[in-house]
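J.: sequence and predicted structure, then a few things I'm wondering about:
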Amino acid sequence: VDRGNWTGKMDFLLSCIGYCVGLGNVWRFPYRTYSNGGGAFLIPYFLMLGICGIPIFFMELSLGQFSSLGPLAVWKISPLFKGAGVGMIVIVSLVAIYYNMIISYVLFYLFASLTSDLPWQHCGNWWNTDRCLDHRLVRGHNGSAGQSGLSRNMTGTVSPSEEYWSRYVLHIQGSSGIGNPGQIRWNLCLCLLLSWIIVYLCILKGVKSSGKVVYFTATFPYIILVMLLIRGVTLKGAWIGIKFYLTPQFDHLLTSKVWIEAALQIFYSLGVGFGGLLTFASYNTFHQNIYRDTFIVTLGNAFTSILAGFAIFSVLGYMSQELGVPVDQVAQAGNSSTDICFHIRYLFQSTKRHSTQYHT
């Protein structure tokens, strides 16, 4: 049976870029760098990329292109490893389920942001508690009161963005535990349904349709990332976070944790071992130059991670100055990853105030 091929060489390359570049770069890499010695984390990261990432990436593409078979059938070359193919299918299925759930959260926030007054910007909503506190207002009231005054005001408080996420989006107060998850959140269900519909439409005609969709999905995130970077580095205090990002704390390299985290980041970000790369390559022509494509994708993925690091750490530097705490204590000052995401959204909203239109 003719499985078909990509309609062009760029279809495959952009599909691989879109497959690799994602949350692992923008969300996970900056966090791992933040908690593993700043710039020192880049040393084991690039070592693991050269030792593990690039060779395994190339091997998976080679298997797929040479055999023109998927993760299950490819193991005809060695039936002993057929279980590995089954494992790939199981893992990628589970990943697809939770990634679509994340997409549904994105869609939820997208629809919620189609207003001039963002619902997660202030306290005083029905889902907020007495612990809700907007630290920007506290900063304004304190003026030059200093770090200690701000820290006292922040103790035991929760940001409006975190309460919006936990109490409105997830409605976590309606659950008493894993045995009683609470009522179905129908607005989230509709967003989840929409995310699956979008995925279905993207793969409706196999590589013929998905190969065209990636021209948008693989390039648009870079536009957003550059916008975040430009906005982030122009913030007051951004250099504090960037300095923390680039300054290596070499003592972290003496622990095995940093090296393990670097290896996990490479595997997670490149997506090797999931079967996706093998499947993409199986639609190549036999003489596609995957050696060149391997270096373009893997090094491009690493470059994207570093670029995302500048964008995120510039925001962390801004938050550090706003909260009056060092960069390495921002996460302990009542700010979760949800708060960091909120601040990024807030930065774009503040830009809107100086223009006549609001863009989401």
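T.: It's in.
J.: show me what contacts the residue lying closest to Val21 once chain neighbours are set aside?
T.: Spatial nearest neighbour of Val21, chain neighbours left out: Thr304 (5.1 Å); criterion: Cβ to Cβ, 6 or more residues apart in numbering. Where C-beta positions appear, they are placed from N, C-alpha and C, glycine not excepted. Listed by Cβ atoms under 8 Å, 6 or more residues apart in numbering, the contact set of Thr304 reads 21, 25, 222, 225.
J.: now for those residues: which two are most distant?
T.: Asn25 and Tyr222 (10.6 Å; Cβ to Cβ).
J.: if you count what's nearby, which of the two comes out ahead?
T.: Set Asn25 next to Tyr222 and count neighbours by other Cβ atoms under 10 Å: Asn25 wins out with 24 against 14.
J.: you'd agree that one is up against Ala308?
T.: Yes. Assessed by Cβ atoms under 8 Å, Asn25 is found in contact with Ala308 at 5.1 Å.
J.: quick one: buried residues of stretch 287-303?
T.: 288, 290, 293-294, 297-298, 300-302 (16 or more other Cβ atoms under 10 Å).
J.: which ones among the residues you listed lie within strands?
T.: With DSSP state E as the criterion, strands contain none of the buried residues of stretch 287-303.
J.: and these, which is closest to Phe108?
T.: Asn301 (27.7 Å).
J.: tell me the pLDDT of Gly334.
T.: pLDDT recorded at Gly334 is 43.
J.: might you list the low-confidence residue ranges for this structure?
T.: 1-2, 135-155, 331-360 (pLDDT under 70).
J.: for it, longest helix please?
T.: In the chain, with assignment by DSSP state H, the single longest helix is helix 290-323.
J.: chain center to that helix, what's the gap?
T.: 11 Å (Cα atoms, centre = their mean, to the nearest Å).
J.: what's the answer for stretch 22-41, then?
T.: That offset, for stretch 22-41, works out to 11 Å (Cα atoms, centre = their mean).
J.: ok, and what's touching that stretch?
T.: With Cβ under 8 Å, 6+ apart, stretch 22-41 has contacts from 42, 102, 221, 225, 244-253, 257-258, 261-262, 265, 268-269, 271, 301, 304-305, 308-309, 311-313, 316, 328, 331, 337.
J.: same deal with stretch 292-299?
T.: The contact list for stretch 292-299 (Cβ under 8 Å, 6+ apart) reads 12-13, 16-17, 20, 49, 53-54, 57-58, 61, 270.
J.: so which strand or helix has Leu188?
T.: helix 186-202 (DSSP states H and E).
J.: for that helix, packing partners?
T.: Applying 3 or more Cβ pairs under 8 Å, 6 or more residues apart in numbering; DSSP states H and E, we find helix 186-202 packed against helix 82-112, helix 207-217.
J.: just name the most buried of these.
T.: Of all the helices and strands packed on helix 186-202, helix 207-217 carries the top mean neighbour count, a mean of 17, counting by mean count of other Cβ atoms under 10 Å.
J.: next secondary structure element downstream of it?
T.: Later in the chain than helix 207-217, the nearest helix or strand by DSSP H and E is helix 220-233.
J.: how far does the helix or strand just after that next one sit from the chain's center?
T.: Using DSSP H and E, the helix or strand that directly follows helix 220-233 along the chain is helix 238-246. Centroid displacement of helix 238-246 relative to its chain, using Cα atoms, centre = their mean, is 20 Å.
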